[in-house]
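Undergrad: Compute the structure for the input listed below.
(2 chains)
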2 protein chains.
Amino acid sequence: MRDVAIIGIGMNKWGELREKPIRDLIAESAHLALNDAGIDKVDAMYIGCMSSGLFTDQEHLGSIGPDYAGLCPTPGVRIESACSSGGAAFRMGYLHVAAGMSDIVMVVGVEKMTDVDGAKATFALATAADQEYEVYNGVTFPGLYAMMANHHMHKYGTTRDQLAQVAVKNHKNGLKNPLAQFQMEVTIDQVKNAVMVSDPLTILDCSPITDGSAAVILCPLERAGEFTKKRQVKIAGSGHASDTIQLAQREDLSYLKSTEVAARQAIKMSGRKLSDINFVEVHDCFTIAEIMVIEALGFVPRGKGGPATMDGLTAITGKTPVNASGGLKSKGHPVGATGVAQIVELTKQIRGEADSGRQVKNANIGLAQNMGGSGASSVVHILEGK
Amino acid sequence: MRDVAIIGIGMNKWGELREKPIRDLIAESAHLALNDAGIDKVDAMYIGCMSSGLFTDQEHLGSIGPDYAGLCPTPGVRIESACSSGGAAFRMGYLHVAAGMSDIVMVVGVEKMTDVDGAKATFALATAADQEYEVYNGVTFPGLYAMMANHHMHKYGTTRDQLAQVAVKNHKNGLKNPLAQFQMEVTIDQVKNAVMVSDPLTILDCSPITDGSAAVILCPLERAGEFTKKRQVKIAGSGHASDTIQLAQREDLSYLKSTEVAARQAIKMSGRKLSDINFVEVHDCFTIAEIMVIEALGFVPRGKGGPATMDGLTAITGKTPVNASGGLKSKGHPVGATGVAQIVELTKQIRGEADSGRQVKNANIGLAQNMGGSGASSVVHILEGK
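TA: Residues are numbered from 1 along each chain as shown, chains lettered A, B, ... in the order given. Predicted structure coming up:
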């Protein structure tokens, strides 16, 4: 396999973007990334999107993307893996270049979620869970993650305050991210006393509904110098794993095995140790998710994610900064875009381009963990500055 | 890039399969392919599906697939490119093995279409067209292809009988395919006099709504002998291209440029000439489509697809047999499954395993053309017996 580098990144301002249809969201980040790379065409386009059909009545983004970015007849294809669609699309773009099929590949992640009412958005998101055995019986994602949270609290003594601290930390980071949907700080008391969604998770434990996109451009590492004078960012490792789609069939309700398996693959491929990783972007779709993810990645022992968060391990100034971007919690969670935005953030950090106040010191090796459903899919990538 | 071979194929009986949910369709073809390859696990799974969200309220087939095929934690991801989802998924599986990411990869194509009423199915399919500029104004796929047919008839003198002959030929072939949805012959008069859908296309010019799946298993060519004693089938070429999603923006309403571009890529990669290709499976979603496709592939000059069909060029006994399987027209068109089923048919033909009456003589090199929307995406593959 050829070594692959990131030579361009782009991301628009996320939020409720009423004036921008999904095709404009794709084209906007695509052109930001093209400009960053200093090029005007690519050989192929991969588009991560969870459910443009249910959210916008538009499938076939593999055609919409190249067409509205002005890139026809460049081939395009959509990659879907629920909320890990972006990470999965990035992996496909990586494979394309690593294989040697062609050299310059763009990966876009996108979701347009706010053009439907809340009930339809909740329904569309629930299609990432088991429709026949979970959703049919009335459960949606806040309920699934609330069960995971209750199990984690019962088994390990994780506290309500520890959950809230994830939101406090990520909103503090997102305050420094001008592209984030919510730039505001929250306190532990505010999180605990916010409107209850599914006990113990309040609305401030949940990531929001968001419109947004993000894009990266890849090429063989040995050609990266032709395009960019910025620090070269290499894809050092890639991992991908599945678990049962039903939460009820897992060995352990509050352990993310697919994340563990995918992370092991990515770390093995990178030739690095977990302790070599300087900073991390993870899939904090709910506060409990970030706690479970840092356990599954191996940064803390099982059950210790809550205390470690409270102790500052994962703060920007901590030993392992997690979600310096603000995470899904503050930055927003346009589901198909999230995995690609994680790669954008890792690249910014490694290049030293993160906005003041959220730049991680010595950001040389970063890990991104993107997750679908209640952990039924996980994609992990490791990026390394050269 | 490593050479890649097909070591297993599987396809279920297509039709209106009320008793089989989409997860069973995936698992059924997956296990037929595993049995054919003589293995019980794979390293990765790619699932081509156009719109499980709109048809079955279930996204995240990248988790459903490995889970219900009993293959967790094998990673799975869904690939969508409208009606070329299957061909695009096959290309992703090919890239995965060619890159050297891992060795044994399964590609499944699937669609469950009959659990919704006809209007909803028409709507779901129309999400492959431009929702804002085409569908919103009332056009659906029969209308788009009828416009292409009228343009082709006006420009080249293609006749109503020539269109009908495509259906006559493909139903004759499908009569010999026990897995086809419709095993019946039709006459030119029956096609012309059937219920009008969109002038000039009657219901017998249209491919049907179908439930079905198909699967193939890939490995490096040098390892193929470990798994199968059957004739080895190599992926010699792969091509993929886009065009404008709106028909109205094309240079030529009745020419499939994306198919031409993708075919050129695949042929160049294969090191073969067009005249080396012994037989072809193409995307005959409507009768006019097959005529336009054989022109775009270069088997006949522009405008000559109709007369060539009438003259028997594309019959099983002709110079270039097209759709020996029965094509979408007779075999059925579960949209995400179609592109993978084309690969299954090519493999059967090259192995000499096609059922009696539809085996092409000297079937050594075959081409598959799979198409999304009104030709906004095309995927072309060339397979070669070793």
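Undergrad: Please point out which parts of the helix or strand harbouring A:Gly86 sit buried.
TA: Element membership of A:Gly86, judged by DSSP states H and E, is helix A:85-99. Across helix A:85-99, burial judged by 16 or more other C-beta atoms under 10 Å in any protein chain shown covers A:85-99. To be clear about C-beta, it is placed using only N, CA and C from the backbone, and glycine gets the same treatment.
Undergrad: For chain B, tell me whether it is touching it.
TA: Yes. Using C-beta under 8 Å from any C-beta of the partner chain, helix A:85-99 comes into contact with chain B via A:Ala88, A:Arg91, A:Met92, A:Leu95, A:His96, A:Ala98, A:Ala99.
Undergrad: In JSON lines, list those residues along with pLDDT.
TA: Compiled in JSON lines, the residues of helix A:85-99 next to chain B are given as follows (pLDDT from 0 to 100):
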{"residue": "A:Ala88", "pLDDT": "98"}
{"residue": "A:Arg91", "pLDDT": "98"}
{"residue": "A:Met92", "pLDDT": "98"}
{"residue": "A:Leu95", "pLDDT": "97"}
{"residue": "A:His96", "pLDDT": "98"}
{"residue": "A:Ala98", "pLDDT": "97"}
{"residue": "A:Ala99", "pLDDT": "96"}
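Undergrad: What lies in contact with the strand or helix carrying A:Ala266?
TA: Using DSSP H and E, A:Ala266 sits in helix A:257-270. With C-beta atoms under 8 Å, 6 or more residues apart in numbering or on different chains as the test, helix A:257-270 has contacts from A:236-243, A:250-251, A:273-274, A:292-293, A:296-298, A:367, A:369, A:371, A:375-382, A:384, B:73, B:75.
Undergrad: Tell me the one of the buried residues of helix A:85-99 nearest chain B?
TA: A:Ala99 (3.4 Å; C-beta to the nearest C-beta).
Undergrad: Could you tell me how far A:Ser63 is located from chain B?
TA: As for A:Ser63, its distance to chain B is 4 Å (criterion: C-beta to the nearest C-beta, to the nearest Å).
Undergrad: Could you do A:Val139 as well?
TA: On the measure of C-beta to the nearest C-beta, A:Val139 and chain B end up 14 Å apart.
Undergrad: Got the confidence number for that residue?
TA: Note for A:Val139: predicted pLDDT of 94.
Undergrad: give me phi/psi at the residue lying closest to it once chain neighbours are set aside?
TA: Leaving aside its sequence neighbours, A:Val139 sits nearest to A:Ala129 (C-beta to C-beta, 6 or more residues apart in numbering or on different chains; 7.1 Å). Backbone geometry at A:Ala129, expressed as degrees, to the nearest 10, gives phi -100, psi -180.
Undergrad: now A:Gly375
TA: Dihedral angles (degrees, to the nearest 10) for A:Gly375: phi 100, psi 20.
Undergrad: again, but for A:Gln369
TA: The phi/psi pair for A:Gln369 (degrees, to the nearest 10) reads phi -120, psi 120.
Undergrad: Contacts only, for the closest residue to it other than its chain neighbours.
TA: Sequence neighbours aside, A:Val282 is the residue nearest to A:Gln369 in space, at 4.6 Å (criterion: C-beta to C-beta, 6+ apart). Going by C-beta under 8 Å, 6+ apart, A:Val282 touches A:Ala289, A:Glu290, A:Val293, A:Ile294, A:Leu297, A:Val322, A:Asn323, A:Gly327, A:Ala368, A:Gln369.
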